[in-house]
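Novice: Quick one, fold the following:
(chains A, B and C)
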Amino acid sequence: MAKKPIKNIIKLSNDLRWQIGDDFHDNLAEGIYADAAELVSNSVQTDSGKKRFRLDSKIDKIITSKTWGFPLMFLILGVVLWLTIIGANYPSGMLAQLLLDTIHPLLKSGASSIGMPWWLDGFLIDGVYLAVAWVIAVMLPPMAIFFPLFTLLEDFGYLPRVAFNLDALFKKAGAHGKQALTMSMGFGCNAAGVVATRIIDSPRERLIAIITNNFSLCNGRWPTQILIATIFIGAVVPSSVSGLASVGAVIGIAILGMVFMFFSSWALSKTVLKGEVSTFNLELPPYRPPRFWKTLYTSLIDRTLIVLWRAIVFAAPAGAVIWLISNIMIGDHSIAYWMINGLDGFGWLLGLNGVILVAYIVAIPANEIVIPTILMLTVLVTGIAGGEGAGVMFELDSVTATGDILRAGGWTLLTAVNLMLFSLLHNPCSTTIYTIYKETKSAKWTTLASIAPVIMGFVVTFLVAQIWRLFG
Amino acid sequence: MNLSNPIYNLIIFLILSVLAYLLFRPTKGWFWIFKNNLKVNEKTVIEDILKLLFHYENSNKKGTIDSVTRGLKFNDSLIIDVLKEMSIKELIQLDGEDLSLTNSGRDYALKIIRVHRLWEKYLAEKTGFDKLEWHERAEDMEHKLSPKETNLLATELGQPMYDPHGDPIPTHKGKVAEVKGDLLSKLPVNTVGRITHIEDEPDVIYKQILAENIHIGSQIRVIENNAKRIVFYSEGEEFILAPVVASNLTIDVFEKEVTLEEDMVRLSSLQEGETASILGISKECRGDARRRLLDLGFVKGTAIKIDLISPLKNPKAYLVKGTSIALRDIQASKILIKKQ
Amino acid sequence: MKEKKVNSACETCPEYSANGLKKLGVNIENTDYVVALAGNPNTGKSTVFNALTGLRQHTGNWPGKTVIRAEGAFEYNSKKFKLVDLPGTYSLLSTSQDEEIARNFILFGKPDVTVIVVDASRLDRNLNLVLQILEITDKAVLCLNLMDEAERNNIEIDERTLARDLGIPVVPTSARFNKGIPELIRTVNEVAHGIIFCDPHRIKNVPDNINKAVKKLSAELKKQFPGIPNSRWIAFRLLEGDKRIIEALESGELV
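Specialist: This next block holds a predicted model:
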């Protein structure tokens, strides 16, 4: 398209701008509001004589009060997480029963009846299908509970108050108060937490929120934490308090995650993302009763299903890879065996082992399949009885039996503690990495967000292992 | 290597961490220093010398080879080589030890200063970088922008006349507006005026000014001025400065009998239960942040009161035009009100 | 084809059949008119959008949540309307991403009608955006939403005076309860067809020196680009140094 000759217009506007001075924008904004005030005075009548009961401000006074503000907040977050974890158990069990214990054998027998070669059957059914089934069984129920609850709180208007209450802490870390919400959202799913950072309007603070979201322990990692804590932490204390001890350990890990989140936010804002919050402003909207069913529906469509779909897309190839490395032989042993062997030394240094590291490498797509993969690989390399064959991920109904397999694989209390730490501090799952890239459109920040936590994980587990051994 | 001994492992780790710290610590890390040294080229040196000489000229100081080598952090032999070349290009006049700018040298210097101040303006208006960062970033950018990019930037910023510190920005023709006013340290008691310039060098003093939360554009009244300290009243608060710090503030003294609006105070001083009306937003609040506040209804004449205080005291939510809007105290200090 | 699909309970109510409304959801092909939906955050804009299209879009009460604009459609008297939900913004004068999306759509997308959703109990705050939009476009409808809340707060609004002062039709609604939506659709239709003629309010309280500058610049613009519809607003933007507007003038997009 031909460019129009607008030089004279630009020049005129530059000259005029010079003449009217710096206050132009202020004058214009004030002028518009003055017009608005005139219009309102002509047509709006407020009957201020009637004192009305301001429910809003009553609620606000409690929610943001010095005494009740923080306890209420923790209580609500606690209840949401509790409902999610406990409430998801039952449907998760049913889905596992259906997808893993019923459909999987059916598929297997179906495959053998049509004479499918063992490798195709293994690759598709034991690899791809099993990984996808696992992700759905473990991921869907907690997300289907967590997201609607979260969305209800959001629609009601509570979440902006949380940002308001916590802003002072985030300010110290050089971050934005709204990061409190994206962090809480991360307890459900980090990928959703990353998307939620859109509510933060200044780019610097938004990047900090994106990069540090991974430190929120997500739904995919809660079950791992709970299982390992129950087996190992619960066992070192008298059985009367074992339940309490393992719950305490899991909560401790989640709080440690928040500590790391604040620390990393602070470190980022002091180094690569220097600066101060320039545009902090937060509207505290009036409370509006959320419409329950509509919220349920939209949060399912908008959040749960989108995230689940992405997870499945990434989990399917992971299942295939897991099956392949356990079944393709190099010399006398499978690829998995060689990988585990190669990483055992490094793993030992970190107080972990080769199996755990390999499981975390192949299970990047979804934290949900880490435990099944670890169990399968442990059985594979130790040769103890259990499981359903090379490359077939499994989990046991009995916690004790799971513990027996892990102990046979050489696990100690140190391994358990460090696994819990590493489960918190490692790279985000591939769904989250992909989401970070989509939101930032920057390979640099995506790399930083992916690599930094895993380095922290190495450092922390290394230090714990060495000090443990020094005094142990 | 035997890795089973935790003590050895911890020692190796410690050594590696110290090494990483020395290499990569912010700004002083060896890696960054090395990287910066690679970037130094002749153009940078020429432009820095021109700028320095221009500042000398403005403050009636004489430029000498010695003062230039001491004033810039490049190594001496490089500076002397560059000075020779500059005199061949007729940017400067070399008269024995003495250095002075030629007309073309002065024009060149003005162009660099234009980019520097425009970039500071840009950082202030469009980014969230800390004030302490502006100068250094502009020092870097002034060597990079082409004249065309500079003019585009100026248009985008609306042809600003002053940079955020109150220094005039030269136009593309080299016209410089003048800064009115006297140094705060020289003003007698009871002088009333407005802060028009805050000098950002040296760093140490600038940091002190920032820590006091002194705002450009604020009206002030001098309360006390002696060799020990200078006290002035502004926006409902008293500020106490050492004379050396006060000499970095320029005040435009009101000529006529203008009385200071003594009841103009900062929003941050509003107490719960009080109502006030907004008088305006301080010049210290700029760019997007300022526009956002205006959009949210923080305009002259609007009634305002505290709606909620967060459990940790900061931020506070203010009721403006029927809506509760939370602001941090630092922002509230940049909104001026009159209590009722 | 599922022609008899029931979309909502209201499909059988008299208002519905009388007005011939058909919610088309995401079926946005071959539409006759484009309607933009603008408004402040927290005004129930998405509820209005959903009430018109039958979609269930969730946006939450945050500015900047709708980063991508949502589109839907409805049919009225056998004319198809495409509805574009713009991000909720307080103003069009700043330069945040969502404001730019909203501004660009109203300016360059040239919608046939712009529906501005406002919170009836916070009218003065909301009018800031309304007055800015009216500088850009002539064809607009004010949707006075959340009337139920306003009533609860004892706020009475004289819609006829407001409509006269603003120069555009004003429709009170409570979108949550589907109140006023049929009237809104009818009004949108009438504005689109030119049955209702808008003569929008222009910002008056501008200081003299700025007014003079704007007049000068806008006269120059009119000379250079005869037929430019919103020269005064373009002049405002030029004085602010808006890069996108300068580009648009160069490429001739604006005329």
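
Novice: which stretches of the chain have low pLDDT?
Specialist: Reading this off chain A. Along chain A, the parts satisfying pLDDT under 70 run over A:1-5, A:47-54, A:275-278, A:386-388.

Novice: my bad, chain B
Specialist: Chain B contains residues with pLDDT under 70 at B:1-3, B:39, B:256-260.

Novice: so what are the domain limits for it?
Specialist: If you go by automatic domain parsing, the domain ranges for chain B are B:182-253, B:265-339.

Novice: quick one, which of the ones you listed is packed in tightest?
Specialist: Mean neighbour count, computed with mean count of other CB atoms under 10 Å in any protein chain shown, is highest for domain B:265-339 among these, reaching a mean of 20. To be clear about C-beta, it is placed using only N, CA and C from the backbone, and glycine gets the same treatment.

Novice: so how far does that domain reach from one end to the other?
Specialist: One end of domain B:265-339 to the other measures 8 Å (CA to CA, to the nearest Å).

Novice: Is that domain positioned near chain A?
Specialist: Yes - shown here: domain B:265-339 in contact with chain A (CB under 8 Å from any CB of the partner chain) through B:280-281, B:287-297, B:299-302, B:307-315, B:317, B:323-328, B:331.

Novice: quick revisit: can you put the domains of chain B in CSV and add distance to A:L448?
Specialist: Formatted as CSV, the domains of chain B follow (distance: least, CB to CB, whole Å):
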stretch, distance to A:L448
domain B:182-253, 29
domain B:265-339, 25
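
Novice: which helices and strands sit right next to the helix or strand where B:I209 lies?
Specialist: Under DSSP states H and E, the secondary-structure element containing B:I209 is helix B:203-211. Packing partners of helix B:203-211 (3 or more CB pairs under 8 Å, 6 or more residues apart in numbering or on different chains; DSSP states H and E): helix B:131-141, helix B:243-246.

Novice: what about B:D76, neighbour count?
Specialist: 13 (other CB atoms under 10 Å in any protein chain shown).

Novice: The one 10 residues further on now?
Specialist: When neighbours are defined as other CB under 10 Å, B:M86 has 24 of them.

Novice: which residues sit in contact with B:L152?
Specialist: Under the criterion of CB atoms under 8 Å, 6 or more residues apart in numbering or on different chains, the contact partners of B:L152 comprise C:K243.

Novice: Would you check how far apart the residue nearest to A:P428 when sequence neighbours are not counted and A:C189 are?
Specialist: Leaving out its chain neighbours, the residue that sits closest to A:P428 by CB to CB, 6 or more residues apart in numbering or on different chains is A:N214, at 4.4 Å. In this structure, A:N214 lies at 11 Å from A:C189, with CB to CB, to the nearest Å as the measure.

Novice: mind listing the helices for the stretch 51-200 of chain B?
Specialist: Along the stretch 51-200 of chain B, the segments classed as helices by DSSP state H, counting those that start in this stretch run B:65-71, B:76-88, B:103-126, B:131-141, B:147-156.

Novice: what's the most buried one of those helices?
Specialist: A comparison of the helices of the stretch 51-200 of chain B by mean neighbour count, using mean count of other CB under 10 Å, puts helix B:103-126 on top with a mean of 21.

Novice: is that helix up against chain A anywhere?
Specialist: No - with CB under 8 Å from any CB as the criterion, chain A is not reached by helix B:103-126; the gap is at least 9.3 Å.

Novice: quick one, that helix and helix B:76-88 angle?
Specialist: Here helix B:103-126 points in a direction 120 degrees away from that of helix B:76-88 (axes from the mean of the first three to the mean of the last three CA atoms, to 10 degrees).

Novice: who does helix B:103-126 touch, helix- and strand-wise?
Specialist: Secondary structure elements in contact with helix B:103-126, counted by 3+ CB pairs under 8 Å, 6+ apart, are helix B:42-58, helix B:131-141, helix B:147-156, helix B:287-295.

Novice: before we move on, the earlier item: export the helices and strands packed on helix B:203-211 as a markdown table, with columns for distance to B:L14.
Specialist: What follows is the helices and strands packed on helix B:203-211, written out as a markdown table (distance: least, CB to CB, whole Å):
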| stretch | distance to B:L14 |
| --- | --- |
| helix B:131-141 | 32 |
| helix B:243-246 | 42 |
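
Novice: and of those, who's closest to A:G69?
Specialist: In terms of CB to CB, the element of the helices and strands packed on helix B:203-211 nearest to A:G69 is helix B:131-141, at 32.1 Å.

Novice: interface residues of chain B facing chain C?
Specialist: Proximity of chain B to chain C, by CB under 8 Å from any CB, involves residues B:152, B:155-159, B:288, B:291-292, B:294-297, B:321-323.

Novice: So which of the residues you listed is the closest to chain A?
Specialist: Sorting the residues of chain B next to chain C by how near they are to chain A, with CB to the nearest CB, puts B:L294 at the top with 3.9 Å.

Novice: closest one to C:P226 among the domains of chain B?
Specialist: C:P226 lies closest to domain B:265-339 among the domains of chain B, at 32.4 Å (CB to CB).

Novice: Could you give me the buried positions within stretch A:15-28?
Specialist: Applying a neighbour-count criterion of 16 or more other CB atoms under 10 Å in any protein chain shown, the buried positions in stretch A:15-28 are A:16-17, A:20, A:24-28.

Novice: how about the residues you listed in TSV, adding distance to A:H333 and secondary structure?
Specialist: As requested, those are arranged in TSV below (distance: CB to CB, whole Å; DSSP: H, G, I helix; E, B strand; the rest coil):
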residue	distance to A:H333	secondary structure
A:L16	80	helix
A:R17	75	helix
A:I20	80	helix
A:F24	75	helix
A:H25	71	helix
A:D26	75	helix
A:N27	78	helix
A:L28	75	helix
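
Novice: how far away is A:T224 from A:V236?
Specialist: 19 Å.

Novice: Who has more neighbours out of these two?
Specialist: A:T224 (21 against 10).

Novice: I figured that one hits A:A366, correct?
Specialist: No - taking contacts as CB atoms under 8 Å, A:T224 lies outside contact range of A:A366: 11.5 Å.
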